[in-house]
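Sequence and predicted model, in that order:
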Amino acid sequence: MIITLKKTADASEVKALLEDLEGRSLQITQIVGENYDVFGLVGDTASIDERSLLANPIVYNVQRVAQPYKLANRMFHPEDTIVDVCGIPVGGRKIVMIAGPCAVEGKENVCRIAGEVLEAGADMLRGGAYKPRTSPYAFQGMGTEGIECLKAAKDKTGLPIVSELMSIDKLDEFVENVDVIQIGARNMQNFDLLKAVGRTNKPVLLKRGLANTIEEWIMAAEYIMSEGNPNVIFCERGIRTFEKYTRNTLDLSVIPILKERTHLPIIIDPSHAAGDYRLVESLSLAAIAAGADGLIIEVHDDPIHAASDGAQSLKPDKYADLVAKGRAIAKVIGRTL
Ligand code: PEP
Ligand code: MN
C-alpha cells in the first residue's frame with residue numbers, strides 16, 4: 001500500500017500516523033520527496049481501510065498494490081479449484097451444463113422438464129422455490145413445497161439440484177435438500193447471508209450483483225471463503241447498463257479476468273443476461289469459446305405459460321440444439337461438454 005502525504009503535514013502529525021501503522025506488524029518505508037512524502041507499506045494490509053486513512057487531513061492519496069482478497073486470490077493458490085457437486089467436478093475439463101425452469105411450478109412440471117433437460121445433455125437441474133421478484137404481487141415461488149418437487153425430480157433423473165436461497169432462516173432446509181446453494185444477484189452483498197453459507201460446506205453459486213464491480217464480487221466470494229467454505233462458483237448473469245435491447249449486458253470479459261485473478265470456477269447465465277430466448281444460444285456459444293466452466297440456462301416446455309421468465313426460457317429442443325453446438329466448440333478449445 002502506498003500512502004502519499006501532503007508536504008504541509010507537520011512532523012508530529014506524520015509521527016502520529018506512523019505510530020498508528022506501526023502497531024500492525026508491517027514493514028514501513030518512508031520516502032521524503034520534493035512535493036510529497038510517501039509511506040510504502042509491505043505486509044498484510046487487507047484489514048486497513050483506505051477510506052479511514054483518507055479521513056486524516058495529512059493524507060493526500062492511498063493506493064493499494066496488493067489485492068484486498070486473499071483466499072480467492074490465484075497468487076496464493078495457483079492451481080484451479082474444482083468444486084465437487086455430487087461427484088460432478090465444476091471447474092475441470094468438462095463444461096458443466098445446468099438447466100431447468102426459472103421457478104418450480106409443480107411436481108409433474110419440474111419432473112417433466114428435468115427429464116427433458118437430462119435427455120438434452122444437462123448435468124444438473126436448476127429451479128427456484130423462493131423467487132426474488134421485483135413486484136410483491138408476482139409469483140413468489142412455492143417455497144418448501146417447491147423444494148420437495150425438486151427432490152422428486154432429482155429422484156427421477158439423478159440430476160443434482162441448484163436453487164436460490166434468499167434468507168438465512170431457510171439455510172437448514174437448503175443444506176439438507178439442495179446440492180448447490182445459489183446466491184442471487186440481488187443478494188450478492190447480503191453479507192450475513194454470505195457468512196451463513198460460508199459456515200456450511202455446500203457448493204455456492206455466487207451470482208454477480210446487478211451493478212457490482214468484479215472486485216466487489218470477488219470480495220463477496222471472500223466473505224464465504226473466510227468463514228471456511230472453499231466451494232464457491234462464480235456466475236455472471238449480466239450487469240445493468242444503458243442498453244435496452246437486452247435485459248442486462250453480458251460481461252464475458254469476466255471469464256479471463258477471474259481466471260487470471262482467482263482460482264475459482266466461473267459459469268455463465270445467458271438467460272438472465274439476454275432476457276430473450278432468441279439470444280441465449282449465441283451468448284452460450286460465446287461463453288464456451290471464452291473459457292466458461294459451465295452454463296446455467298432457463299428451460300421450460302411451455303414458456304408462454306411459465307410462472308416467471310418465460311421470455312428468456314428455451315424450449316427443450318432448442319436447448320438440445322445448443323448443447324450439440326456447444327459440444328463442437330468445446331472440442332475446439334480442448335474441453336468436453
Ligand atoms: C434466477 O436464477 O432465477 C435469478 C433470479 O437470477 P438472478 O439472481 O441472476 O436475477
Ligand atoms: Mn429467472
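Perfect, I can see it now. Ligands and ions are numbered 1, 2, ... in the order given.

Show me the beta-bridge partners of the closest residue to residue 267 other than its chain neighbours.
Counting by C-beta to C-beta, 6 or more residues apart in numbering, residue 267 lies nearest to residue 294, which is 3.7 Å off, once chain neighbours are set aside. For the C-beta atoms, the positions are set from N, CA and C on the backbone; glycine is no exception. In this entry, residue 294 is beta-bridged to residue 96, residue 267, by DSSP bridges.

Which residues are in contact with residue 294?
Each residue near residue 294 by C-beta atoms under 8 Å, 6 or more residues apart in numbering is listed here: 90, 95, 96, 97, 98, 233, 265, 267, 268.

The stretch 101-250 of the chain against ligand 1: which residues are in contact?
Residues of the stretch 101-250 of the chain that fall close to ligand 1, judged by C-beta under 6 Å from any ligand atom: 102, 128, 132, 184, 185, 186, 207, 237.

which stretches of the stretch 151-300 of the chain have low pLDDT?
Flagging of the stretch 151-300 of the chain using pLDDT under 70 yields an empty set of residue ranges.

show me where it has strands.
According to DSSP state E, counting those that start in this stretch, the stretch 151-300 of the chain carries its strands in the segments 161-164, 180-183, 204-207, 232-236, 266-268, 294-298.

Tell me which of these sits nearest to residue 326.
strand 294-298 (7.4 Å; C-beta to C-beta).

The helix or strand just after the closest one versus strand 294-298: what angle between them?
The helix or strand immediately downstream of strand 294-298 is helix 316-332, counting by DSSP states H and E. Comparing the axes of helix 316-332 and strand 294-298 via axes from the mean of the first three to the mean of the last three C-alpha atoms, to 10 degrees yields an angle of 170 degrees.

Report the mean confidence score over helix 316-332.
Per-region confidence: helix 316-332 scores 98 on mean pLDDT.

Same question for that helix: list its buried residues.
Of the residues in helix 316-332, those buried by neighbour count under the rule 16 or more other C-beta atoms under 10 Å are 316, 318, 319, 320, 322, 323, 326, 327, 329, 330.

Just give me the closest of those to ligand 2.
For those, the minimum distance to ligand 2 (C-beta to the ion) is 14.9 Å, reached by residue 319.

sorry, back to before: who wins on neighbours among the residues of the stretch 101-250 of the chain next to ligand 1?
Ranked by neighbour count (other C-beta atoms under 10 Å), those have residue 128 at the top, with 28 neighbours.

dump the residue contacts of that residue.
Contact analysis of residue 128 by C-beta under 8 Å, 6+ apart lists 101, 102, 103, 104, 141, 146, 163, 164, 308.

Most widely separated two among those residues?
Across those, the longest distance by C-beta to C-beta is 13.8 Å; it joins 163 and 308.

Point me to the residue of the stretch 51-200 of the chain nearest ligand 1.
Nearest residue of the stretch 51-200 of the chain to ligand 1, counting by C-beta to the nearest ligand atom: residue 184, 3.1 Å away.

so that residue sits right up against residue 130, yeah?
No: the pair residue 184 and residue 130 fails to qualify as a contact (C-beta atoms under 8 Å) at a distance of 9.3 Å.

Which neighbours do these two have in common?
A shared contact of residue 184 and residue 130, defined by C-beta under 8 Å, 6+ apart, is any residue touching both; here these are 164, 166.

Tell me which two of the residues of the stretch 101-250 of the chain next to ligand 1 sit farthest apart.
Maximum pairwise distance in these, criterion C-beta to C-beta, is 14.3 Å, between 102 and 186.

Ligand 2 contacts on the stretch 1-150 of the chain?
By C-beta under 5 Å from the ion, the part of the stretch 1-150 of the chain that sits against ligand 2 consists of residue 102.

where along the stretch 1-150 of the chain do the helices fall?
Remark: helices assigned in the stretch 1-150 of the chain by DSSP state H, counting those that start in this stretch are 11-22, 50-54, 107-120, 144-157.

coming back round to it: write the ChimeraX selection for whichever of the contacts of residue 128 are buried.
Applied in ChimeraX, the following selects the buried portion of the contacts of residue 128 according to 16+ other C-beta under 10 Å:
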select :101,102,103,104,141,146,163,164,308
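
from the contacts of residue 128, which single one is nearest residue 84?
The shortest gap between residue 84 and any of those belongs to residue 163, at 18.0 Å (C-beta to C-beta).

For residue 44, which non-adjacent residue is spatially closest?
Across the structure, with C-beta to C-beta, 6+ apart as the measure, the residue nearest residue 44 apart from its sequence neighbours is residue 26 (7.4 Å).

just residue 273 next, same as before
Of all residues beyond its chain neighbours, the one nearest residue 273 is residue 238 (3.0 Å), with distances taken as C-beta to C-beta, 6+ apart.

backbone phi and psi for that neighbour, please?
In this entry, residue 238 is assigned phi and psi values of phi 90, psi 150 (degrees, to the nearest 10).

Return the residues in contact with it.
With contact set as C-beta under 8 Å, 6+ apart, residue 238 has these partners: 246, 247, 248, 249, 250, 251, 269, 272, 273, 274.
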